[in-house]
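[1] Could you look at this predicted model? Sequence included:
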Amino acid sequence: MFADIIKKVPTRNYGIDGLEVHVDHTSTGTVYFVSAEKEVVFPEHAHAAQWTIVVSGSCTFTANGESKVYSAGETYFIPAGLRHQITLHAGYSEVDYVDDPHDGEEYIMENKVIVGLQTIVTELA
């Protein structure tokens, strides 16, 4: 779904069939190139602030009991800490910027795998 140049960006395996995610970390945040061949449902979660542009297809975003469908060409913003659920519909792709340079990186602490800096801060509190 993305130009071949994006294939140079490292992939992250979420273990979900039909989901392809390329991730690059910058000094200020994390950039994601996400595509879904079939419907993918992410359970409710929260993280650092995120800005997304929908490249193709559509997704259903749910937060605070309200759902909204976003389609190609639309953007949306998720404030830091907002618990939300998202369903990517077949043929969907997006580009995200997450305001955390370590978003999704794994750390091992006390025999637990901790994902992302936001989670580490939560675990230590």
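    All right, it came through fine.

[2] what helices or strands is the one helix or strand residue 59 maps to leaning on?
    If you go by DSSP states H and E, residue 59 is part of strand 58-63. Under the contact criterion of 3 or more Cβ pairs under 8 Å, 6 or more residues apart in numbering; DSSP states H and E, strand 58-63 touches strand 66-71, strand 84-88, strand 92-98. For every residue, glycine as well, the C-beta is placed using N, CA and C.

[3] Direction included, what does the helix or strand where residue 35 lies pair against?
    In the assignment (DSSP H and E), residue 35 maps to strand 30-36. Strand partners for strand 30-36, identified by DSSP bridges, are recorded as strand 19-25 (antiparallel), strand 92-98 (antiparallel).

[4] count of residues packed around the residue nearest to residue 46 when sequence neighbours are not counted?
    Nearest residue to residue 46 in three dimensions, chain neighbours excluded: residue 83, at 4.8 Å (Cβ to Cβ, 6 or more residues apart in numbering). As a burial measure, residue 83 scores 12 neighbours (other Cβ atoms under 10 Å).

[5] and residue 83, how far is that from residue 104?
    17 Å (Cβ to Cβ, to the nearest Å).

[6] and what of residue 47?
    From residue 47 over to residue 104 the distance is 9 Å, taken as Cβ to Cβ.

[7] Counting neighbours, go ahead and name the busier of these two.
    Shown here are residue 47 and residue 104; by other Cβ under 10 Å, residue 47 has more neighbours (22 against 19).
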